[in-house]
Structure formats: structure tokens, C-alpha cells
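Colleague: got a predicted structure here, sequence first:
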Amino acid sequence: MKYNVMIVDDAAMMRLYIASFIKTLPDFKVVAQAANGREALDKLDAIENLDLILLDIEMPVMDGLEFLRHAKLRTRAKICMLSSVAAAGTPQAAKARELGADAIVSKPSGAISHDLEETTGDELATTMRAVMGG
């Protein structure tokens, strides 16, 4: 079974890095991408069988925390924060958990982490599978 994933990140290069990494995972596939929370909310209803959302926090228009407030009412998809500002123990991480984030993974080297696969790939893949119950 392949899990359907939406990537929500304002940085086009970061969306590319994440999508490229997900292509290496046989049990996940990217079915949608959005540049901010508003765009992601607009796409939610059109995506059938969305299983997982990888969500950045710092984005224009609507940030990840605001998206979480709305998304938990509109989708059953699991939500994994993938952010450079939500490391364990930070106020952003606590708020994300409070709003219903299922997991939090830190971007390894800032907002655009070109080294995502090499430095955090194993952790991200493990977290994605754990969130999906595998």
C-alpha cells in the first residue's frame, strides 16, 4: 500500500527536496503540494484518500499552526510538522502538538535544507511510517 502525501512548504526548493526524498520511499507518494496553509486548505477537499501532510510552520498567507487549527476539522490525514523552528522543546513544537500535530521532525539546516535526505532522511522516513501505524 502507498500512502498519499501532501507537502506544504513556502520554499519551492524545499518542496522539491522533500518530494525527491519521498520518491525513494516505496510506501509513500506525493499527490499534492502547496506553498502555504491557505493553498493547502483549498486543496484538501479535492484530494481523495490523503493520508499524510508534511507541514512547515513559517509560511506567508497562512502559517502551519493556523493551518493545523483548520485542517484537523477537515481531514483525517496525519500531520507531521517538518520545520526549522519546531525542534523538540520549543514553544512552536508545543503549540503544534497542542493543535494536533501527530509528529514533529526538524529540518536539519534551516528553512531550505538541501541536505534533508542525507541528514534527516532516516528519521523522517521512520517518523512517517510510525505516524501511519507501520
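Modeller: Happy to help now that I have it.
Colleague: show me what counts as buried in stretch 25-43.
Modeller: By neighbour count on 16 or more other CB atoms under 10 Å, the buried set for stretch 25-43 is 25, 28, 30-41, 43. C-beta coordinates here come from the backbone N, C-alpha and C atoms, glycine included.
Colleague: with stretch 94-109 instead?
Modeller: So, applying 16+ other CB under 10 Å, buried residues of stretch 94-109: 95-96, 99, 101-108.
Colleague: tell me which of the residues you listed fall in helices.
Modeller: Judged by DSSP state H, helices contain the following of the buried residues of stretch 94-109: 95-96.
Colleague: ok, so of the buried residues of stretch 94-109, who is nearest residue 80?
Modeller: Comparing those against residue 80 with CB to CB places residue 103 closest, at 4.4 Å.
Colleague: list the residues that contact that closest one.
Modeller: If a contact means CB atoms under 8 Å, 6 or more residues apart in numbering, then residue 103 has 78, 80-81, 127-128, 130-131 as its contacts.
Colleague: which of those residues fall within helices?
Modeller: 127-128, 130-131.
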